[in-house]
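> sequence unknown, structure follows:
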């Protein structure tokens, strides 16, 4: 046999399966599959076309056409062919398989289309809805992902894989209570699963339930001792519980397992900052930036250290990195506005500026002092504070218009600035802080008189008390204290007045027991009423809350109880505040307890009463 005859024989042998399949769709499909496996895509497509000419709904051939389209990177065609296969035989998982293949190639949009088509054909399939949800997650579209997981769980409430992924997404979306409920179900369905316990530890940590979080995280660590992420969660819980040396050891263990683990480096640096080992913390933040140059959390935390140490000029720049951190309230709450952001560089004379409250009520009170300075630059100032602050700030000097909320829309303006960015815009340093004794509107005399009448004779020193702030604040465990902690000063011959809105359960019991504490907080309907009451007092003793800022901004003598490493605005190693001339600061020592703080407060208060 010569070379020409051998080639003819070879071609005949290659086409033998085609003839063997004969005129049946199944045979032609088998021949086409053989061609595909041998890399002869054109021959495979010819077999498919012949099979579909005989049976247009032959599911296996439709699916094979989809695979051929996938190989040719014709993704929409692949989805169409495989969708037809699924419609011809709804019991198959052709579309799910195609979606998974597309995901593995990083083609998430195309995978989403495949899974979306799949759930249209089989809408009662919980697994398909879960795969659709996973596709949304891959595309960073959490809202439709959550809805898809919820649909899957309505179909099968105990489908562990869906519950687990749903819980993780809820946790990432900062819906901690809901995440915890679903993680509890995961633990019930599949006990002793290390990842579930780790995520439940994270959820409990974010709910400020640190002892429970530590227990879960340590259990996860026992099950998976070489997991660096679990070590880091253990460290975060220990840090929140004030067990800083143990926390640092846990972070070191994580870094032994994964040397350039950015999360562990960042958390260790933060803990070093908490124990005021700032130089070591800054070294770690520099290391984080060398590994991840775009890491905004490192910039933000460095800014906080600089502010705390009085380097305001550099600190404001780092603090501005908060806009890149989605978990912070300022980022979540600030609207997307088409007008330009004012950073202090543009001349605003004759322009209208919108000043928008972006963080807590205390921050707004502290930084509205800049409104008259904006007006002095020739700007017309529109202020949009928190709704609870509107009655108080509507008469603020320098403000042309104060808005109670956004319900009626925003008036016309030229530029905008978050209220907590005003210090950066004005390039504020310690020496240039504007600190008048009082800069808030004085409460009306008739309101003050109502409170005078409620308080009765002013025959003793009147002392306002605040022992706790917002329980959701990330540092609440350090700054709030039980009302019972103040027992030692309550025996002093003074009139003590509660300024505590929404007291915690133990504090409510204390207020009932100690009838000597005047509690008129039912009448504190807004900050204007609180300001009117404070104007009738001689002194306010408060932990670091919005009421402390209010008292300081009103020029009322105010004693603030601070943790060892306080919020940046109170600086370090000083008893006064450059922001509020009438404020005195009472700080924890390295013992990190409030007993010694309250001993000093008691001594000073007795001297004041005697005087």
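Arrived safely, thanks for sending. Everything numeric in this text was worked out from a predicted model, so none of it was measured.
> right, and the helix or strand after whichever strand or helix holds residue 363?
Taking DSSP states H and E as the criterion, the element that holds residue 363 is helix 361-367. Of the helices and strands lying after helix 361-367 in sequence (DSSP H and E), the nearest is helix 371-376.
> mind listing what's buried in that next one?
Using 16 or more other C-beta atoms under 10 Å as the test for burial, helix 371-376 gives 371, 372, 374, 375. In short, each C-beta sits where N, CA and C put it, glycine included.
> what is the rounded mean pLDDT of that helix?
Helix 371-376 carries an average pLDDT of 97.
> Equivalent analysis for stretch 153-169, please.
For stretch 153-169, the per-residue pLDDT averages 97.
> List the contacts of residue 190.
For residue 190, the contact set (C-beta atoms under 8 Å, 6 or more residues apart in numbering) comprises 160, 196.
> so how far is residue 202 from it?
Here the criterion is C-beta to C-beta, to the nearest Å. By it, residue 190 lies 18 Å from residue 202.
> The helix holding residue 363 - contacts with which helices or strands?
Counting by 3 or more C-beta pairs under 8 Å, 6 or more residues apart in numbering; DSSP states H and E, the packing neighbours recorded for helix 361-367 are helix 546-553.
> After the helix it packs on, which helix or strand is next? Please name it.
Following helix 546-553 in sequence, per DSSP H and E, is strand 558-562.
> Check which helices and strands that next one sits against.
Strand 558-562 sits against strand 539-543, helix 546-553, strand 583-587, helix 595-610, with contacts defined as 3+ C-beta pairs under 8 Å, 6+ apart.
> switch the cut-off to 10 Å
strand 462-466, helix 476-479, strand 539-543, helix 546-553, strand 583-587, helix 595-610 (3 or more C-beta pairs under 10 Å, 6 or more residues apart in numbering; DSSP states H and E).
> any idea which of these is most buried?
helix 546-553 (a mean of 27; mean count of other C-beta atoms under 10 Å).
> quick one: that one to strand 539-543, angle?
Angle of helix 546-553 versus strand 539-543, following axes from the mean of the first three to the mean of the last three C-alpha atoms, to 10 degrees, is 140 degrees.
> how many degrees apart are helix 546-553 and strand 558-562 in direction?
Going by the same axes, to 10 degrees, helix 546-553 makes 140 degrees with strand 558-562.
> tell me the mean pLDDT for the helix holding residue 363?
96.
> Run the chain-centre distance for that helix.
Relative to its chain's centre, helix 361-367 lies at 20 Å (C-alpha atoms, centre = their mean, to the nearest Å).
> re earlier: out of the helices and strands packed on strand 558-562, the one nearest residue 259 is which?
Minimum separation from residue 259 across these (C-beta to C-beta) falls at helix 476-479, 30.5 Å.
> what stretches of this structure score poorly on pLDDT?
Applying pLDDT under 70 to the chain picks out residues 1-22, 86, 90-92, 329-330.
> Show me it divided up by domain.
The chain breaks down by automatic domain parsing into domains covering 14-122, 334-432, 445-610.
> And these: which comes nearest residue 241?
Per C-beta to C-beta, nearest to residue 241 of the domains of the chain: domain 445-610, 8.2 Å.
> distance between the ends of the closest one?
This stretch, domain 445-610, spans 29 Å end to end (C-alpha to C-alpha, to the nearest Å).
> and what of stretch 359-372?
Stretch 359-372 end-to-end distance (C-alpha to C-alpha) = 20 Å.
> ok now it, how far from the chain's centre?
22 Å.
> do the same with stretch 561-580
With C-alpha atoms, centre = their mean, you get 26 Å for stretch 561-580.
> residue ranges of the helices in the stretch 401-550 of the chain, please?
Remark: helices assigned in the stretch 401-550 of the chain by DSSP state H, counting those that start in this stretch are 422-425, 445-455, 476-479, 487-490, 505-513, 527-534, 546-553.
> Single out the most deeply packed of these.
helix 546-553 comes out most buried of the helices of the stretch 401-550 of the chain by mean count of other C-beta under 10 Å, with a mean of 27.
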